[in-house]
Structure formats: C-alpha cells, structure tokens
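Engineer: coordinates for the following, if possible.
(2 chains)
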Number of protein chains: 2
Amino acid sequence: MANKIVKPSTLPGFIEWLPADQIAFNKMMDTIRKNYEKFGFIPVDTPVIEKSEVLLAKGGGDTEKQIYRFTKGDSDLSLRFDLTVPLARFVAQHMSELTFPFRRYQIGKVYRGERNQKGRFREFYQCDIDIIGNGKLSIINDAEIPSIIYSTFTDLGFDSFTIHINNRKVLNGFFDAVGVDNKVDTLRIVDKLDKIGIEAVKEELKGLGLTDESVARIEEFINITGSNDEVLEGLKKLNLDNEEFTLGLEELSKVVYYIRQFGVPDKNFMVDLKIARGLDYYTGTVYETILNDYPGIGSVCSGGRYDNLAEYYTTQKLPGVGISIGLSRLFYQLKEAGFFKESVSSTLTKALVVPMDENVGYSINVATGLKNAGIPSEVFFEDGKFVKKLNYANKLGIPYVIIIGGDEIASGILTLKDMRSGEQFKLTVEEIINKING
Amino acid sequence: MANKIVKPSTLPGFIEWLPADQIAFNKMMDTIRKNYEKFGFIPVDTPVIEKSEVLLAKGGGDTEKQIYRFTKGDSDLSLRFDLTVPLARFVAQHMSELTFPFRRYQIGKVYRGERNQKGRFREFYQCDIDIIGNGKLSIINDAEIPSIIYSTFTDLGFDSFTIHINNRKVLNGFFDAVGVDNKVDTLRIVDKLDKIGIEAVKEELKGLGLTDESVARIEEFINITGSNDEVLEGLKKLNLDNEEFTLGLEELSKVVYYIRQFGVPDKNFMVDLKIARGLDYYTGTVYETILNDYPGIGSVCSGGRYDNLAEYYTTQKLPGVGISIGLSRLFYQLKEAGFFKESVSSTLTKALVVPMDENVGYSINVATGLKNAGIPSEVFFEDGKFVKKLNYANKLGIPYVIIIGGDEIASGILTLKDMRSGEQFKLTVEEIINKING
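Structural biologist: Down below sits the predicted model:
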C-alpha cells in the first residue's frame, strides 16, 4: 500500500544548512565557544520552553507580539526569545548555588515570530556571555568584554573590525543637562542615526518637542569625534555640571584605560557617542561591533552594562555586563557577502579508503589506523565501478583516497591519491598518516 | 516602583544543570560528537519547529498524544519528537544536493509531553547517526555501527558494556515458520522479555491466540544462547525452510563476521535473539547497548536497519541504518548511580590571577599570557579581602591561583598556589605555564 506523500518542506523563516554550510557554521560556533571558555565563562543550557509568566514577567513591546506561546494540558508555555531572560530566571532561581561574579556563556536557539524577510530568521542562534555580580561588579569587567570580542573576531578570521563603545550615563546626563525630558525616546532616536541620518534624527527630535537649542546641542554632542582620547577630552571640555554625566565620563575613561591594558589595539575600538542600543535595559557601558569590510551587516556583537539583571524574579540586586552574537544572521550575511571564499568541503572526512574487491578487512584496518591517528576516515563499502567510488570522494570534497587491491595487501604499500592535485603516491600506512597529518 | 516578583522556576520535566553537571554533560556530548565525526559523519541541524503535517505524516500511536503542537498565525506547528523524522524530511527535500551513502549526525533537543516522572524528560538531547543509501546500502554498514558504539562508549569511560544484536528478518521468518500470524504484536511481546519475564511473555503470547506448540517453539528459540558463534550455529540447526529466516541468518552472520573485522572484541557484543526493538520501523539488524555495571538504565544506545527512511516524503527508496543515544536520560541516570565520582569543578578556568592591589595591569598581562598558552584564565577584579578572592577559586574549584603584589611585579617571580594541595611555588610566568600545562 503506497503512502500518501507529504511534500517535504520547512516553515518560512526556519533555516537549515546543507553540509558544506553546516560545517562552516559549526566551525564559527566552535571558535566562539572556545574563546568564551578561554576567558573562564561557564556553560549554561536552559530549556527552550519556559512558563509564559516567567518569560513575560517584564512583558510589553515586540516581545508579546513575537513570542511563540501555546498551551499544553493546563500549562501556559512560551519559547524563549532571547538568552537574557532565561539567564535572569536561572540566576535568581539558583542564586545560593552559584559563585559570584558568575561568568556564564550560553549558545542556543531562540524564537521570534518576526515578519518573514530575507536574512531574518524566526529560529536563530545567539551566543551570549554575561558577568553577573552579587550587589556590585567592578567596572574593569566592562573593559574585559571588548577584549573577548577582539579575541573572538580575530579568531573568526576578521582583521578589520571596530568595537564601538559608549556609556548610557554620559548620554542620560548630557540630555538632562541640555533640557531633554523624554530621554528614552531621545535615546531611541539618536540610536537610529546611522540608519536614518542626521537630518531625520533632528526632525524626529523636534517631533518630541525638543527646542531648537536642545537639538543643536545634541547634534554638537554626537559630532564629538576623533581618536579615543580626543573624544574623552571633548566630553571633558563640555564642562557639564551634571552628576550622572560626570560619573559616566569617569566610567568611560576607565573602560578605555583598561581596554588598552587588555591589549586591544586602539584601531579596534572607538568611543562612539552615537550608539545607545535600543533597549532601556542598559545603564552604563554599551557596545556595538562593526565588521569594517561588511558594514551593511550592522552590529555583529552588541551588549552592555545593566544595573539589575533579575528584578522581575528577585529583590536581590544583580548588576552585570554582557554581549550577544546573533550567529545565524551573521553567518547568513557573511555567506551572502561571499566571505566563505575557500572551496568548502561537504564532509569532515579526510581520507576515503577504497577496497578494489570484496576483501574489505584490510581496508577497515587501514581506516581504523587513520582514525586512531586522529584522521576522520571512511571505507567505501558499496558495490560499483571504481570511478563511482572516486566520485563519492570528489562530490563530498574528501581530500585523500587510499586505494587497496590485492597487490597493496600483499606488499603493505598502498596507493594514496591526492584528490585536489590528482597526484598518486605509493606509501605505507605510517607514511600516509604522516603525510595527511603533516 | 518595585516590580511584581514572579517566582523563578522551570516547567516540570524540563531539566537544566548547575555548572559542575553542565560541564560534565558537555564533556560527554563533545566525546560523542568527536567520535561521530571521526567516523566521517556530517553534521545536520534541522529546525526544532516543523510543519505538523510533516512531522505527523506517519502519525498514530504515542506520537500524536505526546507531541507539542500549536498554531501561530495560520501555521500548524509542532516541535520535533525525535531526530529521525526530520532526517527523513531533510533527505527527501534535499536529495539532489546530497551525496549517498549519506552519513549524517545530529545532536539536539527533542520534545515529548510524556507523563512526568523521575528520570523522564519532556525536553531531552538525542545524539543520532544514520547512514542512508540511495536504493541500496551494503550490509557492512550494519557492522560498522557497533564499532562506532564501541569507540564512543570506550571514550566515554566505560569498559564493561555489551552491544546486543539481532535481526528482525530472523525473528519474522521464525514466527512465520512456527505459525505466528500476528508478528508485530508477537515481536512487541518478545521485546518485553527482560522487563516482564518469560512466564508473563508466554501468557501474553497465548493471549494473542498462539497455540501451545507455537509458544513452546518461541520459548525454545529465545533460549538459544551462548557465544556468538554458538547462537549462529543454533539458528542454523533449526533448519527452518523459510526464505526470510534464511536471509536474516545470512545477514546476521555477515554482521558478526564484519564486526570482528572492525576490531570490536567479542566480549563487547552478543547476538541476542530476545531483542526486537518496539518499533515496526526496523526491518533487519537491530541494536541495544547495555552498560553492564548499570543494567538498570536499560539500553543506552539503540537502533537498527530500516528499508525505507522517507516513504512519507518521497517514492525514492532510501534504506538506512542508525543509532541514537538519549544523552539527557543517560547522564541523569549515571549521575544518580554515582558514576561521576571524581570531584568535579564548577568552572573550566584553570588559573585565577589575584592582584593584591589596584594595579591590575600586570595581572591582566599574566592572564593573557596564560590564555595564549591555552590555559583558560581569569583575573579577580572585585574589591575585598584576600581570603574572599581565594574563596572564589575554592568554591568554583579553580585548581591554581596566581598571587600578584608589588614584589611579584618588581621581580617577575610570581606566587603560584596549588589549591588542591595547598602548596605554594615561586615561579616565572613561563614556569607557571609549563607547570599547569605539564
């Protein structure tokens, strides 16, 4: 009885990669993880599904609209839409069992029912680190974060990228000093500068009811540019009598000082008074990271300092600082931009052992030897002509084929074919291992 | 304004681990992944959410009852309940872009709304490999699978485990030969032997309407035991004139022959006529793996050969063979059984650098040197007494602390404290790196 055939397809906005891309994706994820672990971050893996009342404790805004929420039995469930809210819940729930400062990383899928468009996914990976203090947390942590970004993106193969740094207290204090009441909306508008340009920003600011004088001061402020030291100097020269501004400037100056101690070159970070991060969540240092050869991607790694991670789950004050890499989107955009230039392989296998007849035992032994030497290997067991077997290696991009017939078994001298150059060598297993590992 | 506090908690059946356990869990997952990759399996990462019509194309049974299914907009969505159905969909969908035999691995979370009970999770990791042929697939692949199980569980730290192997054709053919009509139900009952015992099995078989003669032959059959060669010999001696039985016996004999070629010791696998696997999905070789020191866990790695992976998504015949490790349950059971005896650390950090005063630049440099030498390291930046800083290392289980004050900075000779032994050493950074890496 034939089955009814269902057309095999995935949901719009849900990406999956074919092998060559998946291998490249995993390599990036492994590099990020390795860097996070090198800096002493501890893995956490919270459930994808949580109680809706927990995930929506804060509520409001796009979150409620975009969340995947449903019931099963009498449970009201939601899929996590970021890794920060689950972290807040995790830390509040397990506070007495954790050691502070708590340095955690989490790499996992999150879900947002966004409008379906190119390069926007409804299921995507975030790679987060956060350092959470119990009551307080040294400002030096804010300077360590850029050093982790620097190490990670250097390891990912980028040499030209800039970590943009600002401080929300500097912004808030400045707005107070120049008579801006509606700071949250003002920040949101300033944050759009790169997207909409200065004229549109000024229009929107006026639309908020700001005076021409205030708007002019804001324009003057975001035009303080130059080297990191010049920007700090420019802020000092404003001579603003505002406590929050002064505190923010002090923090920003310390962060710049310590970032240099962490060995991040000045060419890789800049104090940028234009960035604010859209979220009302941040209270101090904020970060955005731009790949200078791919500016269209926007920020590839963002985050900042917050005063209170888990205010919806505990009365304990938990300040922290963290960043997130939206890996799925980054990978997609880099792929579209042609970043992955080298011919990629559709397999991790380095050597295919091809037995020329049904006597496969010797071939199995050879492959086992290679695997024990750390070389991912396979034996081709299927029937067929020799050319079909070579074709399997070719299509997958396996770099080496080892051919084993009666002569090879008798002599112990095997034929190694380099699939990229087409060259053939007569070698022992030992020599083959050295050549491939070499 | 104080927020309303929501009690931080997770849903019943949804597990998350504290750092020490998460680190041990990840180590197991990494070991499994490393082994799968060594054998040439290619990573695939399908979405957690799929169209309900796709995941439920087969439908029926527990699946429909346990699945997490919901709507968003006008989409009917479901969370995957295993990694096999998504694999079938993936292969059918991308057939023309894949190379066969297609060796894929997938490690990911799956969802089943099972009755909540100890050690049963509603969100859990599966670690799957499958080898999929296009039209046909050599029986030698069925023998390679146990060699992957052997390699993986050996690397996981087990020395006493047994891979139980049987063949559904042997069972089916035998049942035909002794007059069993209702083979599916008979298989299901025989499969319960270890759980309910021989007498209960006989009762249930009689309940199916089997004659005493048939039940006696079945008992005789499942009592064919001994060495692998003795069991194969015992099957031959049955002298059954049944085509399927003969074919199954031939397959089983070949599998045993090649398993030995793959270097799996006879003490680690046994032909076991009692295992059938509950699923009607399998058509040839079947596997279960028992940790002999933890028999109560049941099978920790199961799978088998099937004729047709994707019959609900394509008319193309795609035979395959695969296994799955239910890692969340395995980890939980091993933890309960006291498997993780060694004192586990709650961090991956190997060295904590403790500056004795506010001059942290030198300490940062030391930590950077350690990280560049592959040693995960942190600097303790928070204020507080020395004992508080040491306590951080103690609580997390960081093995080494490096103490840096004015004398150390002046001389370049640092104090290294081994937190396990309490010993202190005066060493240069180079010497510290060699000692920790040594």
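Engineer: give me phi/psi at A:Ala20?
Structural biologist: The main-chain torsion angles of A:Ala20 are listed as degrees, to the nearest 10 and equal phi -60, psi -40.
Engineer: how much space is there between the residue nearest the centre of chain A and A:Asp159?
Structural biologist: Residue closest to the average C-alpha location in chain A (C-alpha atoms, centre = their mean): A:Ile325, at 2.4 Å. The span separating A:Ile325 from A:Asp159 equals 18 Å under the rule C-beta to C-beta, to the nearest Å. Where you see a C-beta, it was placed from the backbone N, CA and C, and this is true even at glycine.
Engineer: with A:Gly108 instead?
Structural biologist: Looking at A:Gly108 against A:Asp159, where the rule is C-beta to C-beta, the gap reads 29 Å.
Engineer: between these two, who's got more neighbours?
Structural biologist: The residue with the greater number of neighbours, taking A:Gly108 and A:Asp159 and applying other C-beta atoms under 10 Å in any protein chain shown, is A:Gly108; the counts read 17 against 10.
Engineer: contact partners for the residue nearest to that one when sequence neighbours are not counted?
Structural biologist: Of all residues not flanking A:Gly108 in the chain, A:Leu83 sits nearest, at 6.4 Å (C-beta to C-beta, 6 or more residues apart in numbering or on different chains). If you count contacts by C-beta atoms under 8 Å, 6 or more residues apart in numbering or on different chains, A:Leu83 has them with A:Thr46, A:Gln106, A:Gly108, A:Val110, A:Gln126, A:Asp128, A:Ser324.
Engineer: if I look at A:Leu83, how far off is chain B?
Structural biologist: With the distance defined as C-beta to the nearest C-beta, to the nearest Å, A:Leu83 ends up 12 Å from chain B.
Engineer: and stretch A:31-44, how far apart are its ends?
Structural biologist: One end of stretch A:31-44 to the other measures 17 Å (C-alpha to C-alpha, to the nearest Å).
Engineer: is chain B contacted by it?
Structural biologist: Yes: using C-beta under 8 Å from any C-beta of the partner chain, a contact is recorded between stretch A:31-44 and chain B, made by A:Glu37, A:Lys38, A:Phe39, A:Gly40, A:Phe41, A:Ile42, A:Pro43, A:Val44.
Engineer: which of those residues count as buried?
Structural biologist: Neighbour counting with 16 or more other C-beta atoms under 10 Å in any protein chain shown marks A:Glu37, A:Lys38, A:Phe39, A:Gly40, A:Phe41, A:Ile42, A:Pro43, A:Val44 as buried within the residues of stretch A:31-44 next to chain B.
Engineer: max pairwise distance over those: which two?
Structural biologist: Taking C-beta to C-beta, the two most distant members of these are A:Lys38 and A:Val44; they sit 17.1 Å apart.
Engineer: outside of the helix or strand bottoming out on mean pLDDT in chain A itself, list whatever touches it.
Structural biologist: Among the helices and strands of chain A, helix A:61-66 carries the lowest confidence by mean pLDDT, DSSP states H and E, at a mean of 82. The contact list for helix A:61-66 (C-beta under 8 Å, 6+ apart) reads A:Leu56, A:Phe81, A:Arg112, A:Gly113, A:Glu114.
Engineer: so how far is that helix from its chain's centroid?
Structural biologist: Here the centre of helix A:61-66 is set off from its chain's centre by 22 Å, with C-alpha atoms, centre = their mean, to the nearest Å.
Engineer: can I get the CA coordinates of that helix in CSV?
Structural biologist: Provided in CSV are the C-alpha atoms of helix A:61-66 (Å, rounded to 0.1, in the frame of the first residue of the first chain):
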residue,chain,number,x,y,z
GLY,A,61,6.6,45.8,23.3
ASP,A,62,7.6,43.5,20.4
THR,A,63,8.2,40.6,22.8
GLU,A,64,4.5,39.8,23.4
LYS,A,65,3.7,40.1,19.7
GLN,A,66,6.5,37.9,18.5
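Engineer: quick check: buried residues in it?
Structural biologist: By neighbour count on 16+ other C-beta under 10 Å, the buried set for helix A:61-66 is A:Thr63, A:Gln66.
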